[in-house]
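>>> this one's structure only:
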């Protein structure tokens, strides 16, 4: 008997067309170990992103302000060529790359219309431990 071979045709994924206006949003997440930068359009669809680790930094150098600056400059070039001119910046986290990332956005040629800190803070926090009995 001749066996039939299953030949499936893979469909090419449709490329989604992002509507990119002159306004955008920049989300900077700065942790103690890394700095992540994501630029989105008005709706929240990601246009471009980068991080200190994606730029080639490893270990303790990932968490430096210099690494955050390079990550922002990398993304800012992509976003400016896409057509974004003004940016609302949302900063999250306690890391050292927060301030340098903001300076890098400003120096890249993008105008900042808003800076907001969206670091999550507990309103009450977890339940405290029981008092120690001796």
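That came through fine. Predicted model only: the values in this text are computed from it and were never measured. Numbering: from 1, shown residues only.

>>> Assumed residue 80 was part of a helix.
Yes - per DSSP: H, G, I helix; E, B strand; the rest coil, residue 80 lies within a helix segment.

>>> so how far is residue 86 from it?
The gap separating residue 80 from residue 86 is 11 Å, by C-beta to C-beta, to the nearest Å. In short, each C-beta sits where N, CA and C put it, glycine included.

>>> Could you name every residue contacting both of the two?
Common neighbours of residue 80 and residue 86, using C-beta atoms under 8 Å, 6 or more residues apart in numbering, are residue 110.

>>> Between its first and last residues, how far does stretch 48-61 reach?
One end of stretch 48-61 to the other measures 23 Å (C-alpha to C-alpha, to the nearest Å).

>>> buried residues in it?
Neighbour counts over stretch 48-61 (16 or more other C-beta atoms under 10 Å) mark 48, 49, 50, 51, 52, 53, 54, 55, 57 as buried.

>>> per-residue confidence averaged over stretch 102-115?
Per-residue pLDDT over stretch 102-115 has a mean of 96.

>>> what comes into contact with it?
For stretch 102-115, contacts defined as C-beta under 8 Å, 6+ apart pick out 23, 26, 28, 68-69, 72-73, 76-77, 79-80, 84-89, 91.

>>> Check stretch 36-51 too.
18-21, 23-30, 34-35, 68, 71-72, 74-76, 78-79, 82, 84, 87, 101.

>>> Could I get the full set of helices for the chain?
Here the chain has its helices, by DSSP state H, at 65-82, 98-107.

>>> so which of the ones you listed comes closest to residue 125?
Closest to residue 125 of the helices of the chain, according to C-beta to C-beta: helix 98-107, at 22.9 Å.

>>> Now do the closest one against helix 65-82, angle only.
Angle, helix 98-107 to helix 65-82, by axes from the mean of the first three to the mean of the last three C-alpha atoms, to 10 degrees: 30 degrees.
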